[in-house]
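Visitor: got a predicted structure plus its sequence, pasted below:
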Amino acid sequence: MAKVIRATQAELEAAVEALRDGELVAFPTETVYGLGANASDPAAVRKVFAVKGRPSTHPVIVHLDDVKYLRRWAREVTPEAHQLAEAFWPGPLTLVLPRAEGVNDVVTGGQDTVAVRIPSHPMAQQLLTAFGGGIAAPSANRYGRLSATRAEHVREEFGDEVKVVLDGGECQVGLESTIVSCEPGRVRLLRPGSIGIAALRRCVGEVLVGADASSPRVPGSTLAHYSPQTPVTLVSAGELDARAEALSEGGQRVAVLAQRLPLKTYQYVTWINAGKRVDAYAHDLYANLRTLDKAGCTRILVQEVPGDERWDAVRDRLVRAAAREALTPADDSTISLGVLP
């Protein structure tokens, strides 16, 4: 378990002042670091989009510190949404609900829905309570790239473009939140996360999986996303060593993210054994990909992960990371209709 660090009073005051002044603040959540702005200040939220290079049609998540503030952002909260909030908040679950009057289009991507969650990280809770309002915060990285799970990742991405970076250590989960839309009589999983489909169904019964044509756009739903600069290729476990060896013998430097050690040593191969425990693999995924991205290689080979539900969120991120080089710019901005491969 990652060590959780709390903010000092001086750090909190600096962050709150920055938010009230319309500036950006990066802060840790249990999932990934968020790039936050005052959700009630459209100009401040637009700065998030500008700094990230994020399309204006892509909604952001509003972070709250208590469920009692939910009605300020959502005009309708279904019984299923109440059940999910009671079961999983604070925690890595985002609910998509009909937006309340007054919620600005810049937050919702022009849609009639708003995405909200209550994070469990103590430093996020400190910040939200001290600020006293909603914080709109997508992941603290350039749009479409690897999410940040450490404060150093945020600083590498943005430098002094972000007014305050609260350092809460490594994020405990390491992958973005589960996203669920809640309409009257219908619950739909739109992005897999550490709260899996079985846990959702135990809470509310039937849950549809994947978006349809009428589903709202949500963060992380583009065909290609979560990508390092180095091209990613998914490879079966049985082919992994042969692919790495062939590239190495051809004089190419290649990086490998696997769930085991290599069968032998290869001259031009940088190999990370991420292990077979899904929680540890997910926790380290973005940090490992960042390490391999810096290794000066021509390609990252990633061993395909198991097909069972426990790996759904990891598999979703890897499939999207590997999709980027195969897509045209037009494809890359298209919203996918299914999030589970």
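Guide: Great, that's in hand. Numbers count the residues shown, from 1 in each chain.
Visitor: what mean pLDDT does stretch 266-285 get?
Guide: For stretch 266-285, mean pLDDT rounds to 97.
Visitor: residues making contact with that stretch?
Guide: With CB atoms under 8 Å, 6 or more residues apart in numbering as the test, stretch 266-285 has contacts from 2, 149, 170-175, 194, 244-245, 247-248, 251-262, 288, 291-292, 295, 297, 305, 310-311, 313-314, 317. Placement of C-beta: from N, CA and C, glycine included.
Visitor: now with 7 Å, please.
Guide: 173-175, 194, 244-245, 248, 252-262, 288, 291-292, 295, 297, 310-311, 313-314, 317 (CB atoms under 7 Å, 6 or more residues apart in numbering).
Visitor: what does stretch 194-207 give?
Guide: Counting by CB under 7 Å, 6+ apart, 80, 83-84, 87-88, 92-93, 173, 175, 178, 180, 187-189, 209, 282, 309-310, 312-313 sit against stretch 194-207.
Visitor: can you say which of these are buried?
Guide: Neighbour counting by 16 or more other CB atoms under 10 Å classes 80, 83-84, 88, 92-93, 173, 175, 178, 180, 187-189, 282, 310, 312-313 among the contacts of stretch 194-207 as buried.
Visitor: just the helices in the stretch 201-341 of the chain please.
Guide: Assigned by DSSP state H, counting those that start in this stretch, the stretch 201-341 of the chain shows helices spanning 240-249, 278-293, 312-323, 329-332.
Visitor: which of those sits closest to T29?
Guide: helix 278-293 (13.6 Å; CB to CB).
Visitor: in terms of pLDDT, where does the residue most central in space within the chain sit?
Guide: Centroid check for the chain by CA atoms, centre = their mean gives E176 as the closest residue, at 3.0 Å. E176 carries a pLDDT value of 98.
Visitor: for G220, same thing?
Guide: With respect to pLDDT, G220 scores 83.
Visitor: the nearest residue to it once chain neighbours are set aside bridge partners, please.
Guide: Leaving out its chain neighbours, the residue that sits closest to G220 by CB to CB, 6 or more residues apart in numbering is R191, at 5.4 Å. Applying DSSP bridges to R191 gives these bridge partners: I179.
Visitor: so how many other residues sit close to R191?
Guide: R191 has 24 neighbours, counted by other CB atoms under 10 Å.
Visitor: any stretches of the stretch 201-341 of the chain with poor pLDDT?
Guide: Across the stretch 201-341 of the chain, the ranges flagged by pLDDT under 70 are 325-341.
Visitor: ok, N141 touching R155?
Guide: No: counting by CB atoms under 7 Å, N141 does not reach R155; the two are 11.6 Å apart.
Visitor: the more surrounded of these two?
Guide: Taking neighbours as other CB under 10 Å, N141 and R155 compare with N141 leading, 24 against 16.
Visitor: how much space between the more buried one and P55?
Guide: Distance, N141 to P55, by CB to CB, to the nearest Å: 15 Å.
Visitor: what of G174?
Guide: Separation of G174 from P55 (CB to CB) stands at 25 Å.
Visitor: these two: which is more packed in?
Guide: A direct count of neighbours by other CB under 10 Å for G174 and P55 places G174 higher, at 26 against 13.
Visitor: tell me the contacts of the more buried one?
Guide: Counted by CB under 7 Å, 6+ apart, G174 has contacts T149, A282, H283, D284, L285, Y286.
Visitor: determine which two of these are furthest apart.
Guide: Spatially, the most separated pair among the contacts of G174 is T149 and A282, at 10.1 Å (CB to CB).
Visitor: now the strands for the stretch 1-150 of the chain?
Guide: Shown for the stretch 1-150 of the chain, the strands assigned by DSSP state E, counting those that start in this stretch span residues 25-28, 33-38, 61-63, 93-98, 113-117, 135-136.
Visitor: adjacent strands (with direction) for the shortest one?
Guide: The one in question is strand 135-136. In the sheet, strand 135-136 lines up with strand 33-38 (antiparallel), strand 61-63 (antiparallel) (DSSP bridges).
Visitor: what's the answer for the fourth one, then?
Guide: The partner list of strand 93-98 in its sheet, established with DSSP bridges, is strand 113-117 (antiparallel), strand 178-183 (parallel).
Visitor: got the buried residues for stretch 295-309?
Guide: Neighbour counts over stretch 295-309 (16+ other CB under 10 Å) mark C297, R299, I300, L301, V302, Q303, E304, V305 as buried.
Visitor: among these, which are located in strands?
Guide: R299, I300, L301, V302, Q303 (DSSP state E).
Visitor: and the fourth one, what are its bridge partners?
Guide: On DSSP bridges, the residues paired with V302 through beta bridges are L234, L257.
Visitor: residues contacting it?
Guide: Contacts of V302 by CB under 7 Å, 6+ apart are V232, L234, V235, L257, L318.
Visitor: if we can go back for a sec, got a markdown table for the helices of the stretch 201-341 of the chain, with distance to A115 too?
Guide: Formatted as a markdown table, the helices of the stretch 201-341 of the chain follow (distance: least, CB to CB, whole Å):
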| stretch | distance to A115 |
| --- | --- |
| helix 240-249 | 37 |
| helix 278-293 | 21 |
| helix 312-323 | 17 |
| helix 329-332 | 21 |
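Visitor: which of the ones you listed is buried the deepest?
Guide: Of all the helices of the stretch 201-341 of the chain, helix 312-323 carries the top mean neighbour count, a mean of 23, counting by mean count of other CB atoms under 10 Å.
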